[in-house]
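Peer 1: One predicted model, sequence on top.
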Amino acid sequence: MAGVLGIHHVTAIASDPQRNLDFYVGLLGLRLVKRTVNFDDPETYHLYYGDEVGTPGSIMTFFPWPGAKPGRQGTGQVAVTSFAVLPRALGFWVERLVRHGIRHEGPTKQVISFRDHDGLMLELVGDAGAEARGAWGEAPGIPREHAIHGFHGVTIWAERGDDTERVLVDTLGFRAVHEDGSTRRFAVGDGGPGTLVDVRSVGGFVRGAGGAGTVHHVAWRVPDDAAQLQMRDRVTKAGLDPTPVIDRNYFHSVYFREPGGVLFELATDPPGFTIDEPVARLGERLMLPRQYEAHRTQIEALLPPIHLPVPASAATLLTSTTGPEDVSGDALGFVHRYVPPAAGAELAGSTTLLLLHGTGGDEEDLIPLGRSLLPGAGMLSPRGKVLERGAPRFFRRLAEGVFDQEDLAHRTEELAEFIVAATRTYELDRDGLVAVGFSNGANIAASLLLRRPGLIRRAVLLSPMVPFEPEAPPDLTGTSVFIGAGRADPIAPPAQVEHLADLLRRGGAAVTVHWQPGGHALTDGEIDAARQWLWQLVAARQVERSRA
């Protein structure tokens, strides 16, 4: 009996789209083959990941809703999505997950189990048959021989598996191939990776609920439109009430829900993802369904900005690291995030904000602040390497307000070396760097200004202190500094702020001080003042460049 060919794609729900992209492209090394929008909700991305061209059987897709509530894994769902790798790649993936701080189990019986940031349950399965499937071999840090080769299979959790299994066998053409306790495995075709589905009967377990970290549906491959219509007719005769054929641009779809509650889709192999973008440029631009193209400006304004991990020029320099988003200390000296400037950001695009977090922050902490201060600017955000009771900092302190001067000097030089290396790696305009630091981050930024004058000529220091007393004022000619501070700040007292401003001015820096009445915290008024200062700075620099 003719039936489906295997898995076409798996679609899941995520929360933050950039974090989702970072995980599946940056960590797992899949290719972003298409960025488009949800056909039924054009204010939401639909992101497709896969091999070089998004071959059916390699495609993992997501609806990322920012702020989405977590779902609950349970019966009536595809609970586990498994990817195929070569058996010899399992050691590489264990090391990679450990270095990224991803908790995992295994490998047990050639399987590594883990979750993404939203809690979606995933597996990497070592299978020699993976070599016959395609893979994306251009991911930084992942040698081609260790790359993911599409899906291995999926696992359905069912209250009672009998009805689900009957649909798989009698309607879709699967066959039973293995049984292990309450789990039965089914396969189609050659039974290799991408053709497998496990049905696990977990009677009495809680019913699944949709939300971030859960699978929305699984799609089964059919070779063409004619085969899809035949399969749809079979689904109808089984009493499963399929939808009409729906054009999804890159494939044609028929949906129906099997008796256990899982949403199934029949998806055609053609036309594929290259119908509107060349292979070399897949995933670079937002592609909209025809009915939404007239509203592109409004849709792009509503969608949160996302970016591919690193420029191609930088990727070659980072291939020995764990990945392009959560770059390890082996790369440039600091775990860090780099966010390229937004396409079309004419003024802000030539500026890169060096984001320096306060005590307890990390490389993610000030990304929202950077986007608020200068939308469209590039962002470079390192994580402090000193831990104080587990909280990252940029240098040690002996007590509140008492800095370890030897460590401060050492850490300042380390940060300066990172800035030089990152400028070269990411091809940044050194004159376009602006340090933005809060508290401990502001203090090491001030130390950079005083110890390495000229390395950074523009800075936003929020709740800063005097890091150290230089023997002589440094030459800060051509340097501009914005200081935001609180009149009632017990940690960075006003006297310290005024003394720092005086030190910088004596070196020749142009210093703007904005006072707010509160304490050691960022306020809307302070952020707004810093934003206005930055825009004036960027505009003035643009005028200077146009005259040159």
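Peer 2: Sure thing, it's come through.
Peer 1: For Val339, see how far away the residue nearest the centre of the chain is.
Peer 2: Nearest residue to the geometric centre of the chain (CA atoms, centre = their mean): Asp22, 2.3 Å. Distance of Asp22 to Val339, computed by CB to CB, to the nearest Å: 10 Å. All C-beta spots, glycine's among them, are computed from the backbone N, C-alpha and C.
Peer 1: ditto for Leu240
Peer 2: 45 Å.
Peer 1: Between these two, which is the more surrounded one?
Peer 2: Val339 (23 against 16; other CB atoms under 10 Å).
Peer 1: wait, isn't the more buried one in contact with His307?
Peer 2: Yes - between Val339 and His307 there is a contact at 5.9 Å, judged by CB atoms under 8 Å.
Peer 1: what about the helices in this structure?
Peer 2: 17-21, 90-99, 161-166, 225-237, 296-302, 312-315, 329-332, 367-373, 405-425, 440-451, 494-506, 524-547 (DSSP state H).
Peer 1: Quick one: those helices as a markdown table, columns for mean pLDDT too.
Peer 2: Converted to a markdown table, the helices of the chain look like this (pLDDT from 0 to 100):
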| stretch | mean pLDDT |
| --- | --- |
| helix 17-21 | 91 |
| helix 90-99 | 91 |
| helix 161-166 | 95 |
| helix 225-237 | 97 |
| helix 296-302 | 92 |
| helix 312-315 | 51 |
| helix 329-332 | 52 |
| helix 367-373 | 92 |
| helix 405-425 | 93 |
| helix 440-451 | 97 |
| helix 494-506 | 96 |
| helix 524-547 | 86 |
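Peer 1: To Gly67, which of these lies closest?
Peer 2: helix 17-21 (11.2 Å; CB to CB).
Peer 1: Residues touching the closest one, excluding its own?
Peer 2: Contact partners of helix 17-21, identified using CB atoms under 8 Å, 6 or more residues apart in numbering, comprise 14, 32, 45, 47, 62, 64, 66, 116-118, 304-309.
Peer 1: ditto for stretch 415-424
Peer 2: Residues contacting stretch 415-424 (CB under 8 Å, 6+ apart): 332-334, 336, 338, 354, 380, 382, 394, 428, 430, 433, 444, 448, 451-452, 455-456.
Peer 1: Would you mind writing the ChimeraX command to select the buried ones in these?
Peer 2: In ChimeraX, this line selects whichever of the contacts of stretch 415-424 come out buried by 16 or more other CB atoms under 10 Å:
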select :332,333,334,336,338,354,380,382,394,428,433,444,448,451,452,455,456
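Peer 1: In strands only, show me the contacts of stretch 415-424.
Peer 2: 336, 338, 354, 380, 382, 433 (DSSP state E).
Peer 1: how far away is the fourth one from Leu449?
Peer 2: Relative to Leu449, Leu380 is positioned 17 Å away (criterion: CB to CB).
Peer 1: circling back to that earlier point, out of the helices of the chain, which one sits most buried?
Peer 2: Neighbour counts (mean count of other CB atoms under 10 Å) averaged over each of the helices of the chain peak at helix 440-451, with a mean of 26.
Peer 1: mind checking how far that helix is from the chain centre?
Peer 2: Computed by CA atoms, centre = their mean, to the nearest Å, the chain-centroid distance of helix 440-451 equals 29 Å.
Peer 1: can you start the count at 235 instead of 1 from here on
Peer 2: I'll keep to 235 as the first residue from here, and by that count the last item is helix 674-685.
Peer 1: Show me what that helix is packed against.
Peer 2: When contacts are defined as 3 or more CB pairs under 8 Å, 6 or more residues apart in numbering; DSSP states H and E, helix 674-685 sits against strand 586-590, helix 639-659, strand 667-672, strand 692-696, helix 728-740.
Peer 1: what is the rounded mean pLDDT of the third one?
Peer 2: Going back to what we said before, that points to strand 667-672. For strand 667-672, mean pLDDT is 97.
Peer 1: partner strands of that strand, parallel or antiparallel?
Peer 2: strand 586-590 (parallel), strand 692-696 (parallel) (DSSP bridges).
Peer 1: Nearest to Glu379, out of the helices and strands packed on helix 674-685?
Peer 2: With CB to CB as the criterion, Glu379 lies closest to helix 639-659 of those, at 25.6 Å.
Peer 1: what angle do that closest one and helix 674-685 make?
Peer 2: On the basis of axes from the mean of the first three to the mean of the last three CA atoms, to 10 degrees, helix 639-659 is oriented at 90 degrees to helix 674-685.
Peer 1: need the helices and strands packed on helix 674-685 in CSV with distance to Ile241, can you?
Peer 2: Converted to CSV, these look like this (distance: least, CB to CB, whole Å):
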stretch, distance to Ile241
strand 586-590, 40
helix 639-659, 38
strand 667-672, 45
strand 692-696, 49
helix 728-740, 60
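Peer 1: Mark which of the contacts of helix 251-255 are buried, thanks.
Peer 2: 248, 266, 279, 281, 296, 298, 350-352, 540-543.
Peer 1: what's the closest of these to Glu339?
Peer 2: For these, the nearest to Glu339 is Asp350 (14.8 Å; CB to CB).
Peer 1: what's the closest non-adjacent residue to the closest one?
Peer 2: Excluding the flanking residues, the one nearest Asp350 by CB to CB, 6 or more residues apart in numbering is Phe257, at 5.1 Å.
Peer 1: beta partners for the residue lying closest to Thr757 once chain neighbours are set aside?
Peer 2: If the residues on either side of it in the chain are set aside, Thr757 comes closest to Gln750, at 5.0 Å by CB to CB, 6+ apart. Counting by DSSP bridges, Gln750 forms beta bridges with Gly720.
Peer 1: my guess is Gln750 meets Ile717, correct?
Peer 2: No - between Gln750 and Ile717 there is no contact under CB under 8 Å: 11.3 Å.
Peer 1: Which residue of the two possesses the greater neighbour count?
Peer 2: Ile717 (25 against 19).
Peer 1: Quick one: end-to-end length of stretch 468-477, please.
Peer 2: This stretch, stretch 468-477, spans 13 Å end to end (CA to CA, to the nearest Å).
Peer 1: Residues contacting it, please?
Peer 2: 401, 404-405, 466, 487-493, 500.
Peer 1: try 10 Å this time
Peer 2: 235-237, 400-401, 404-407, 465-467, 487-493, 498-500 (CB atoms under 10 Å, 6 or more residues apart in numbering).
Peer 1: Give me the distance from that stretch to the chain's centre.
Peer 2: 38 Å.
Peer 1: same deal with stretch 476-494?
Peer 2: When C-alpha coordinates are averaged (CA atoms, centre = their mean), stretch 476-494 and its chain have centres 29 Å apart.
Peer 1: what mean pLDDT does that stretch have?
Peer 2: Regarding stretch 476-494, the rounded mean pLDDT is 97.
Peer 1: tell me which residues in it are buried?
Peer 2: Of the residues in stretch 476-494, 476, 482-490, 492-494 count as buried by neighbour count, 16+ other CB under 10 Å.
Peer 1: would you turn these into a markdown table with distance to Ala755?
Peer 2: What follows is the buried residues of stretch 476-494, written out as a markdown table (distance: CB to CB, whole Å):
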| residue | distance to Ala755 |
| --- | --- |
| Pro476 | 56 |
| Arg482 | 47 |
| Asn483 | 47 |
| Tyr484 | 47 |
| Phe485 | 50 |
| His486 | 54 |
| Ser487 | 50 |
| Val488 | 54 |
| Tyr489 | 49 |
| Phe490 | 53 |
| Glu492 | 52 |
| Pro493 | 55 |
| Gly494 | 51 |
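Peer 1: circling back to that earlier point, can the strands paired with strand 667-672 go into CSV with extra columns for mean pLDDT?
Peer 2: Output for the strands paired with strand 667-672, formatted as CSV (pLDDT from 0 to 100):
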stretch, mean pLDDT
strand 586-590, 96
strand 692-696, 97
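Peer 1: Please list all residues in contact with Gly594.
Peer 2: 618, 622-627, 673-674.
Peer 1: Can you say which of those residues are buried?
Peer 2: By neighbour count, with 16+ other CB under 10 Å, those hold 618, 626-627, 673-674 as buried.
Peer 1: what's the most distant pair in the residues you listed?
Peer 2: Farthest-apart pair in the buried ones among the contacts of Gly594 is Pro626 and Ser673; separation 12.2 Å (CB to CB).
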